[in-house]
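Asker: What shape does this take:
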Amino acid sequence: MIHLKGRCSQAGAQSCMECNCPSPEYRCEDCLGSDLFCSTCILSTHVRHPLHRLQRWNGEYFKQVSLKTLGLCIQLGHAAGQVCLNPRCAFNDDFVVIDTHGIHEVSLDFCDCATAESHMQQLLQITWFPLTTSDPKTAVTFHVLKQYHLLSFESKVSTFEFYRALRRMSDNTGLLPVKDHYESFLRMVREWRHLKILKRSGRGHNPSGIDGTAEGDCAVLCPACPHPGKNLPADWKNGPRQWLYGLFLTIDANFCLKRKVVSNDNVDPSLSHSWGYFVEEEGYKGFLHSSADIIQEKSTCSSHNAVNMADMKNNRGLAATGLGTIDCARHNMKHPNAVGDLQKGERYINMDYLFFSTLRHSVLNTLNVSYDIVCQWHKHLWHRMSAFPLPMQLSCAVKTVSFFMPKFHLLAHIEQCQTSFSFNLKVGIGRTDGEAPECSWANINPVASSTKEMGPGARRDTLDDYFGDSNWKKVVGLEREKHHEAFEDLDDGLQGEYAITMASVRLELAKEDQVDLQTGTSLALHEDCTPSVLISTGLELEEQQQRMKAEKAGLGVHATDNQEGKLLQQSNTLRRRIDAWAKMQELYMPFLAALQVSESAASNNVATAPEAIKLWLLSQLNRTVPCDARLEAIEWKLHYAQAHDALRSLHSNLHAQTAILKYKDRNLRGQGANTRARNTLKAVETRIESATSTYERAHTSLIILAPRVNERGWHTSLRPLERADICSMTDILWGETEGTRKLSWIWNMRGAGPNEMDDDNTFEDMRVEWCKARAQAMRWAEEVDLLQEEMQRVVQFLEWDAQRWDNWGKGNTLQDADKCEGRTAYAKRQGVLRRMLAKSFESSWADTLTLVDRFEPMDLDSTT
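Answerer: As a prediction, this is how the structure comes out:
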């Protein structure tokens, strides 16, 4: 970089690179390379590049020099190099051009020949945008306007910051006298934004022209939303599934996009006249003024500040405290004439006007409206509508209007609202969440630092442009979960065909023993201990061993003599029971004697604590050891029932844990009460851990015994228990939502019959969860249908838009051939662009549609 500050390899050059004149002194910063030229050659090579920056070698360093000082004069109205017979010098020979390289003073001559066009047209022909239409002396290049336009969208850079950067590129020291043209640049940027909006919306091609522009005509429409005559079938009103043609709207307010009391509408009117996203200002303010005395009722739901403080928000020094908007709830796009200023808070009268204003552009009969305070706002909506002008009123008899609460906001409302306005419980909604505006505010909020200082018209025009760009990016930027399977699992669990418990299995085994005694086929080797009693007692002893381990672990290092005495008595009793049971076990499994002797020798005959004595159950033996098949079958049945009992224990204790936590949060205050609640919770958690440990042992035994007794299919109901599976019905894990969460498999246990679950309302809770799972499955199935419909609508809308541009291109009636060609070329390009987008979308969605076709449609009757 330092090397480039000198003449580099040209230091020894004795002549110009072009004409071999001696002592070349000039080079260009913006041309390729660092070759040195004489003044004549540098001028001739820059006839077509009059805004390049030159440097002159003064013997010690390079110094900035302009093409104007070297004598370059830009001649307009003729081809480069041609001489004009009647040139007219720009006003005071002081023409300023703002370009990407900085701010330039140039010498410029207009053509004043008889056939010459206006000075403004001559500047536009060389892509320079003039400040004024008559005698312009300042212009900005199209290139820098395009650059700033995109930068403002992507980085939210303000006009002031961008202009300051350009000024520093001209002089980064502040020593050179550069006249301030910020106000001029600001005005040209605003005009550029407006003209680009008109051009892109086809107003230059529409036969009615700019004067025929109606409200909302310049808005970028959502191609996935239903638009009759554009992307819907001709008989859509008679279709069987009208919910597919519903319009999803969401209402929200933004209090970051405020505006200070700067200027007024008379001094700074809008250029667009409500052609984009803002409502018509005069009618809007007039209606608000006529309804200024209406007092907004207070909230009957939670204490929502948006409702209760709507008339009391501080607006000192502000002409607008924020914006109210109506967006597409599914695709997060602004609707035409759906944005308006708020004078105080989020008052119903403001939001009503925006709502009815944008609905003038739609003839759809199904409306799904989402609003974070919809439970209050919708109450007297139709009564308030009667005060609006007739063109803004809806026909309630024809339209089906459903109201919803955005999913993230839903939990802030009372329980009745959470049920009545939930997206998850309404047919024909899919997986819509209603939170679309919240996702886009973060992108637009940085603009507030500059728009709050603007006049009313400039601010509306600027925000219109930002909203249009946001919509366009969504247009060009345009899955089914396994909830069907989760629903089927829970459905199976609620069948209640059988209830497996340890008591029921013991009863079944006792009945088998009774039959064996009556038929004389009993294989009992002891009058008091049948094979089923032997295995059942062994499992009981195993449970006692586990409890003994837990009690000793919780005894602590400072146990009292009384505590130690009781524990020792229990330990002795357990040892005596194990010894007695082991003698019975030797009758049925004589081969254990050799295994016990081998085990004792390995431990050097050291006495083992009762809770650590190995019971030598069949599931603990190696498969190579010969075992009685009947004993293995009995133990498998008992372990199977033991696993189900453990899951039931988990259910009841998880329910108890949830109930205690809710009661604690709602009712308990103070250290003493909370300490007692924590102790209770600790006891419940201990029981949960015990049930978990029992299930894991039973499951391990089942895995070992299943191949021996040829049992299959049990894995579907008794699965490996992970820590994440141990949660209540209502727990939502990290990363899940109400619509995406799936109930833990432990609640889908088949055979959870109502007779054993009614006492703690568990069965009723499972019915509720069944309804939720069914609703989730239905919403996902609807979402698939909605997405397929929207994909078709996007392609159809783009084709309609392409044909519209094609027709505009054909209907060109201009006499000027050059202008006619330009209009036709632009229209053709827009048509091709939209067809390319449609083709790109079809290609991107092809794999998804193929995958969807593999799934069978869900058979969920919404009426039952």
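Asker: From here on, just use CA atoms for contacts and neighbour counts.
Answerer: Noted.
Asker: Surely residue 443 is in a helix?
Answerer: Yes: applying DSSP: H, G, I helix; E, B strand; the rest coil, one finds residue 443 inside a helix.
Asker: burial measure for it, as a count.
Answerer: Number of residues near residue 443 (other CA atoms under 10 Å) recorded here: 14.
Asker: continuing past the lowest-mean-pLDDT helix or strand in the chain, what's the next helix or strand?
Answerer: Using mean pLDDT, DSSP states H and E, helix 483-493 stands out as the lowest-scoring helix or strand of the chain, at a mean of 49. Sequence order places helix 502-519 as the next helix or strand after helix 483-493, per DSSP states H and E.
Asker: got a list of contacts for that following helix?
Answerer: Applying CA atoms under 8 Å, 6 or more residues apart in numbering, the contact partners of helix 502-519 are 522, 530, 532, 536, 634, 637-638, 641-642, 645.
Asker: at 10 Å what do you get?
Answerer: 501, 520-524, 530-533, 536, 634, 637-645 (CA atoms under 10 Å, 6 or more residues apart in numbering).
Asker: of these, buried ones?
Answerer: Neighbour-count burial (16 or more other CA atoms under 10 Å) applied to the contacts of helix 502-519 gives 501, 524, 530-533, 536, 634, 637-645.
Asker: do you know how far residue 198 is from residue 212?
Answerer: Using CA to CA, to the nearest Å, we find residue 198 at a distance of 12 Å from residue 212.
Asker: what about these two, which has more around it?
Answerer: Legend: neighbour count by other CA under 10 Å for residue 198 and residue 212, higher for residue 198 (22 against 11).
Asker: Give me the mean pLDDT for the longest helix along the chain.
Answerer: Longest helix in the chain by number of residues (criterion: DSSP state H): helix 762-810. The average pLDDT within helix 762-810 is 83.
Asker: now swap in stretch 577-594 and tell me
Answerer: The model assigns stretch 577-594 a mean pLDDT of 83.
Asker: ok, now which ones touch the spatially most central residue of the chain?
Answerer: Taking CA atoms, centre = their mean, the centroid of the chain lies closest to residue 439, which sits 6.6 Å from it. By CA under 10 Å, 6+ apart, residue 439 lies in contact with residue 332.
Asker: ok but it is inside a helix, no?
Answerer: Yes: looking at residue 439 with three-state DSSP, it is inside a helix.
Asker: Could you measure from it over to residue 167?
Answerer: Distance from residue 439 to residue 167, by CA to CA: 36 Å.
Asker: Residue 563 too?
Answerer: 87 Å.
Asker: With neighbour numbers in mind, choose between the two.
Answerer: Higher neighbour count among residue 563 and residue 167: residue 167, with 22 against 10, using other CA under 10 Å.
Asker: Pull out the C-alpha coordinates of the helix or strand in which the more buried one is found and format them as CSV.
Answerer: Element membership of residue 167, judged by DSSP H and E, is helix 159-170. Listed next in CSV are the C-alpha coordinates belonging to helix 159-170 (Å, rounded to 0.1, in the frame of the first residue of the first chain):
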residue,chain,number,x,y,z
THR,A,159,-28.9,9.4,4.0
PHE,A,160,-26.8,11.6,6.2
GLU,A,161,-24.3,8.9,7.0
PHE,A,162,-24.0,7.9,3.4
TYR,A,163,-23.5,11.5,2.2
ARG,A,164,-20.9,12.1,4.9
ALA,A,165,-19.0,9.0,3.6
LEU,A,166,-19.1,10.4,0.0
ARG,A,167,-17.9,13.8,1.2
ARG,A,168,-15.0,12.2,3.0
MET,A,169,-14.1,10.3,-0.2
SER,A,170,-13.7,13.7,-1.8
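Asker: now the longest helix of the chain: how far from the chain's centre is it?
Answerer: Relative to the centre of its chain, helix 762-810 is centred 16 Å away, using CA atoms, centre = their mean, to the nearest Å.
Asker: try stretch 698-714
Answerer: The answer for stretch 698-714 is 45 Å, by CA atoms, centre = their mean.
Asker: Kindly report the same for stretch 42-61.
Answerer: Distance, centroid of stretch 42-61 to centroid of chain: 53 Å (CA atoms, centre = their mean).
Asker: Same question for the helix or strand following the longest helix of the chain: list its buried residues.
Answerer: Per DSSP H and E, the first helix or strand lying C-terminal to helix 762-810 is helix 817-854. Buried residues in helix 817-854, counting neighbours by 16+ other CA under 10 Å, are found at 823-824, 826-832, 834-835, 837-838, 841-842, 849, 852.
Asker: and the direction of helix 817-854 versus that of helix 762-810, what angle?
Answerer: Here helix 817-854 runs at an angle of 150 degrees relative to helix 762-810 (axes from the mean of the first three to the mean of the last three CA atoms, to 10 degrees).
Asker: now helix 817-854: mean pLDDT?
Answerer: On average, helix 817-854 scores 87.
Asker: so what does it touch, helix or strand wise?
Answerer: helix 182-200, helix 456-476, helix 762-810 (3 or more CA pairs under 10 Å, 6 or more residues apart in numbering; DSSP states H and E).
Asker: same thing but 6 Å
Answerer: helix 762-810 (3 or more CA pairs under 6 Å, 6 or more residues apart in numbering; DSSP states H and E).
Asker: The helix it packs on to helix 456-476, inter-axis angle?
Answerer: Using the same axes, to 10 degrees: helix 762-810 against helix 456-476 is 100 degrees.
Asker: begin at 724 from here
Answerer: All set: I'll call the first residue 724, so the last point we hit is now helix 1485-1533.
Asker: Helix 1485-1533 - contacts with which helices or strands?
Answerer: Using 3+ CA pairs under 6 Å, 6+ apart, helix 1485-1533 is in contact with helix 1206-1216, helix 1540-1577.
Asker: now for these, which one comes closest to residue 1380?
Answerer: helix 1206-1216 (22.0 Å; CA to CA).
Asker: quick one: buried residues of stretch 1498-1513?
Answerer: Neighbour count says stretch 1498-1513 has 1498-1510, 1512-1513 buried, by 16+ other CA under 10 Å.
Asker: Any chance you could list what contacts stretch 1296-1316?
Answerer: residue 1333 (CA atoms under 6 Å, 6 or more residues apart in numbering).
Asker: can I have it written out in CSV, keeping just the CAs?
Answerer: Extracted C-alpha coordinates of stretch 1296-1316, given in CSV (Å, rounded to 0.1, in the frame of the first residue of the first chain):
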residue,chain,number,x,y,z
THR,A,1296,-35.5,-59.2,59.1
LEU,A,1297,-34.6,-58.9,55.4
ARG,A,1298,-31.7,-61.3,55.9
ARG,A,1299,-33.9,-63.9,57.5
ARG,A,1300,-36.4,-63.6,54.7
ILE,A,1301,-33.7,-64.0,52.1
ASP,A,1302,-32.3,-67.1,53.9
ALA,A,1303,-35.7,-68.7,54.1
TRP,A,1304,-36.4,-68.0,50.5
ALA,A,1305,-33.1,-69.3,49.3
LYS,A,1306,-33.8,-72.7,50.9
MET,A,1307,-37.1,-72.9,48.8
GLN,A,1308,-35.2,-71.7,45.8
GLU,A,1309,-32.7,-74.7,46.1
LEU,A,1310,-35.7,-77.1,45.7
TYR,A,1311,-36.6,-75.6,42.3
MET,A,1312,-33.1,-74.7,41.1
PRO,A,1313,-30.6,-77.2,42.6
PHE,A,1314,-27.9,-76.2,40.2
LEU,A,1315,-27.6,-72.9,42.2
ALA,A,1316,-25.6,-74.6,45.0
